[in-house]
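>>> A predicted structure for the sequence below; I have some questions about it.
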Amino acid sequence: MHKITVAGTGYVGLVAGVCFAEMGHQVTCVDIDENKVALMKSGVTPIYEAGLQELMQKNYAVGRITYTTDYKSAYKDADAIFIGVGTPEQPDGSANLSYIANVARQIAETIEKDCLVIVKSTVPIGTNDKVEQFIQDFLVHDVKVEVASNPEFLSQGSAVHDTLHAERIIIGTESKWAEELLKKIYKPFHIPIVSVNRRSAEMIKYASNDFLALKISYMNDIANLCELVGADIQDVARGMSFDERIGGKFLNAGIGFGGSCFPKDTKALEYIAKQHGYELRTVKSAIDVNKDQKTMLYKKASKRLITFNGLKVAVLGLTFKPGTDDLREAASLENVPLLLEQGADIFAYDPVGAANFAKNFPEGISGRGSIKYVEHIEDALEGANVCFIFTEWGEVKAVTPDMYKKLMRTPLIYDGRNIYGVDEMRAAGVEYHSIGREPAL
Ligand code: NAD
């Protein structure tokens, strides 16, 4: 059992903290957000992740996890401090390291015993060298401190499962002491550990995320070509998936990738390359394709309709993917303002993300149009002139083709997630446009 402190209780930090506690470690989670800490103390998770709240309550009840804003007491005698604060994108595409720097400074000023600091956040290659130097420069007590890299690979929506059953754990260390300590901390997880140096660990994270982003953009690019040449992207992907060199995952075409990671991590790696005088053309192309892809359906619908002004527009799904309440870089954030500008009256449904979305787009009149959030999909579809599907929530998939035909004034669907078969929509008398497939007219 180790005394572990986790800095930052977002998707990465909180899930890591709870899973360390579940594995028997004594965990303190620190956040600067008092509201979040109060919520967690009351047994409620500030983020939506399947299974997280149950594990929080279970480990809190037995005293293995606590939550605090008092970083001083949380850092001073920890064996290991994991940093999971955000590294958001800056306007020039580079990663904002100010949150990491703040934590590093707080650690330096408070630790009173030897400690390993582990950066879980995604950071540009070489950052951990600087974090270590920074901490050493600001140390108040005479203690040994070292920094290790331990990038996180969880997917939002299945974060707890991904952490407890990860395919591998990457640790990047510069000493045997750091390597052995991390191996001990992770021993109870029974997950293969890949041990490399710090810079390679930092690169593994970017290279992995950007590879997946490339895969998605590649499939979207091929999907757009499929439409032009009369091929069907789903059949194409199915055919490709049998090839083990390609693999069956991440072959779904759609309206582009979103979320907090792929968009920023592609731009950050491109930026890092540029800093070194190198143009990372593959990743740059993935970014460009994704940008266009997000408004693909809006562009299609604009060609089909004279105007959106005064039309009832059903929007199904707002989050960047199902299973999360996260809206960062979601396609809805690009499309809803375009629709509102054009005077659409939007009726939006999302089982989890509506409240977050309403913070950016409050209910009521907005621009030339208006937006209303509904609890039942039927209320969005009833009398609608057109429907956009942005997220493949189970609740959305459960809508049958007949329901669009029955409820909508004109059953005209733009599906960004290829939920339905073209033939079933045609058979139901629904006009159906999707990505990389012929339309049902
Ligand atoms: P997040 O924005 O959800 O959470 C960050 C948390 O850090 C917030 O609660 C914030 O209040 C807190 N914080 C900020 N400054 C602090 C300080 N000085 N002390 C304590 N807490 C502080 O972020 P996230 O989505 O969990 O991502 C964190 C990092 O992990 C990023 O670098 C991200 O790229 C990486 N990552 C994210 C995912 C993902 O799916 N979200 C997956 C893998 C890696």
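Yep, it's here. Owing to the predicted nature of the structure, the values given are computational and were not obtained by experimental measurement. Numbers count the residues shown, from 1 in each chain.

>>> quick one: contacts for the residue nearest in space to the middle of the chain?
In the chain, the residue lying closest to the centroid (CA atoms, centre = their mean) is residue 259, at 3.6 Å. Residues counted as contacts of residue 259 (CB atoms under 8 Å, 6 or more residues apart in numbering) are 156, 320, 321, 326, 328, 329, 330. Glycine gets a C-beta too; all of them are placed from N, C-alpha and C.

>>> need the mean per-residue confidence for the biggest helix by length in the chain.
Longest helix in the chain by number of residues (criterion: DSSP state H): helix 198-229. Helix 198-229 shows a mean pLDDT of 98.

>>> list the contacts of the residue of the chain most remote from its centre.
Distance from the C-alpha centroid of the chain peaks at residue 142, with 39.3 Å (CA atoms, centre = their mean). Going by CB under 8 Å, 6+ apart, residue 142 touches no other residue.

>>> now do the SS call for it.
coil (DSSP: H, G, I helix; E, B strand; the rest coil).

>>> hmm, back to that, just the buried positions in the longest helix of the chain, please.
198-199, 201-206, 209-210, 212-224, 226-227 (16 or more other CB atoms under 10 Å).

>>> and the pLDDT at the residue farthest from the centre of the chain?
Residue 142 is given a pLDDT of 95.

>>> and residue 48, by the same measure?
88.

>>> that one: neighbouring residues, count only.
20 (other CB atoms under 10 Å).

>>> C-terminal to the helix or strand hosting residue 270, what's the next element?
Counting by DSSP states H and E, the element that carries residue 270 is helix 262-275. Downstream of helix 262-275, the first helix or strand assigned by DSSP H and E is helix 281-294.

>>> now that following helix and helix 262-275, what's the angle there?
Between helix 281-294 and helix 262-275, the angle comes out at 150 degrees (axes from the mean of the first three to the mean of the last three CA atoms, to 10 degrees).

>>> helices or strands up against helix 281-294?
Packing contacts for helix 281-294, counted by 3 or more CB pairs under 8 Å, 6 or more residues apart in numbering; DSSP states H and E, involve helix 198-229, helix 262-275, helix 331-341.

>>> tell me the residue of the stretch 301-441 of the chain that sits nearest the ligand?
residue 326 (7.3 Å; CB to the nearest ligand atom).

>>> and that residue, how many neighbours does it have?
23.

>>> mind checking how far it is from residue 366?
When distance is defined by CB to CB, to the nearest Å, residue 326 is 22 Å away from residue 366.

>>> what does residue 186 give?
In terms of CB to CB, residue 186 sits 48 Å off from residue 366.

>>> same thing with residue 212?
34 Å.

>>> contacting residues for residue 317?
Here residue 317 is in contact with 332, 349, 350, 389, 390, 391, 392, 393, 396, 417 (CB under 8 Å, 6+ apart).

>>> show the pLDDT at the spatially closest residue to it that is not a sequence neighbour.
Of all residues not flanking residue 317 in the chain, residue 391 sits nearest, at 2.6 Å (CB to CB, 6 or more residues apart in numbering). The model reports residue 391 with a pLDDT of 97.

>>> surely residue 391 touches residue 324?
No: judged on CB atoms under 8 Å, residue 391 makes no contact with residue 324 at a distance of 9.5 Å.

>>> which residues do these two both contact?
With CB under 8 Å, 6+ apart as the test, residue 391 and residue 324 both reach residue 353.

>>> leaving out sequence neighbours, find the closest residue to residue 192.
Counting by CB to CB, 6+ apart, the residue nearest residue 192 is residue 168, at 5.0 Å.

>>> and the one you found, how close does it get to residue 55?
22 Å.

>>> so between the two, which is more surrounded?
Neighbour count, other CB under 10 Å: between residue 168 and residue 55, residue 55 has more, with 19 against 11.

>>> got the contact list for the more buried one?
18, 19, 21, 22, 160.

>>> now for those residues, which pair is the farthest apart?
21 and 160 (12.0 Å; CB to CB).

>>> return the list of strands paired to the lowest-mean-pLDDT helix or strand in the chain, each annotated with direction.
Using mean pLDDT, DSSP states H and E, strand 364-366 stands out as the lowest-scoring helix or strand of the chain, at a mean of 90. Strand 364-366 sits in its sheet next to strand 369-373 (antiparallel), going by DSSP bridges.

>>> gap between the partner strand and the chain center?
26 Å (CA atoms, centre = their mean, to the nearest Å).

>>> so what touches it?
In contact with strand 369-373 (CB under 8 Å, 6+ apart) are residues 308-309, 336, 339-350, 354, 357-358, 361, 363-364.

>>> quick one: buried residues of it?
369, 371, 373.

>>> between that strand and helix 331-341, how many degrees?
140 degrees.

>>> and strand 369-373, average pLDDT?
For strand 369-373, the per-residue pLDDT averages 97.

>>> next helix or strand past it?
helix 377-381.

>>> mind listing what's buried in that following helix?
Applying 16+ other CB under 10 Å to helix 377-381 flags 377, 379, 380, 381 as buried.

>>> do the same with stretch 415-432
Those would be 415-420, 422, 425-426, 428, 430-432, for stretch 415-432 by 16+ other CB under 10 Å.
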